[in-house]
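[1] need coordinates for the below:
(chains A and B)
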Amino acid sequence: DTEVTQTPKHLVMGMTNKKSLKCEQHMGHRAMYWYKQKAKKPPELMFVYSYEKLSINESVPSRFSPECPNSSLLNLHLHALQPEDSALYLCASSPRQGLVDTQYFGPGTRLTVL
Amino acid sequence: SQELEQSPQSLIVQEGKNLTINCTSSKTLYGLYWYKQKYGEGLIFLMMLQKGGEEKSHEKITAKLDEKKQQSSLHITASQPSHAGIYLCGADNGGATNKLIFGTGTLLAVQP
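    This is a model prediction of the structure:
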């Protein structure tokens, strides 16, 4: 089973709202990732967690706050977003954070900020 | 920083035709991944190549990594409408952090 699940599938929020995206995997993977993908562009890495610790933050604005409560779960807390943050947010996981470990992606959350 | 350039940017083929997508890296590739994405959906892992000269196949899709490890090609034989989508190559940046960078993408349409 190589399934990564993400909820919600779609999210519409105002600039003053607080919301969260959720990602879950049960493959025993110890690395989890958040990517942002704008229309007609490739995904761009935002955060990496390795063994539940934040390993990489690609200089993401603080209005995005990641959290990894356990090895199966990854959240992305959203607060005071801007319309330009509207995008497809993809979660991925891999066995480890290291060379040539395949990342498996979830279906994504389509976020619209009004 | 490493860059991945894909060609062509888009491709329209008749069902049953063969096609090739290329991915060229500005640096040596340590691991090259091919993914497929339907518009607005997640990425589906196709295959991973690691060694120069390596070739892998899955159903009607074959991927190769050239000897100098700076280019990969994805070949689809006898294309079907189900092959339509965006094909993305991805490469490990060569460091210890497994940071995956993606190519510019190739949009494939298959006409019945």
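[2] from now on I want contacts and neighbour counts done on CA atoms only, so please keep to that.
    Will do.
[3] doesn't B:S82 lie inside a helix?
    Yes: assignment of B:S82 by DSSP: H, G, I helix; E, B strand; the rest coil places it within a helix.
[4] that one and chain A: what is the separation?
    Using C-alpha to the nearest C-alpha, to the nearest Å, B:S82 is found at 18 Å from chain A.
[5] any idea how far A:E84 is from that residue?
    In this view, B:S82 and A:E84 are 32 Å apart by C-alpha to C-alpha, to the nearest Å.
[6] swap in B:Q9?
    In terms of C-alpha to C-alpha, B:Q9 sits 25 Å off from A:E84.
[7] show me which residues of chain B are close to chain A?
    Listed as neighbours of chain A in chain B under the rule C-alpha under 8 Å from any C-alpha of the partner chain: B:30-31, B:33, B:40-45, B:48, B:50, B:88, B:92, B:94-105.
[8] contact partners for the closest residue in space to A:H77 that isn't next to it in sequence?
    Nearest residue to A:H77, sequence neighbours excluded (C-alpha to C-alpha, 6 or more residues apart in numbering or on different chains): A:S20, at 4.3 Å. By C-alpha atoms under 8 Å, 6 or more residues apart in numbering or on different chains, the contact set of A:S20 is A:N75, A:L76, A:H77, A:L78.
[9] that older thread, in strands, which of the residues of chain B next to chain A appear?
    If you go by DSSP state E, the residues of chain B next to chain A have B:Y33, B:L43, B:I44, B:F45, B:M48, B:L88, B:D92, B:L100, B:I101, B:F102 in strands.
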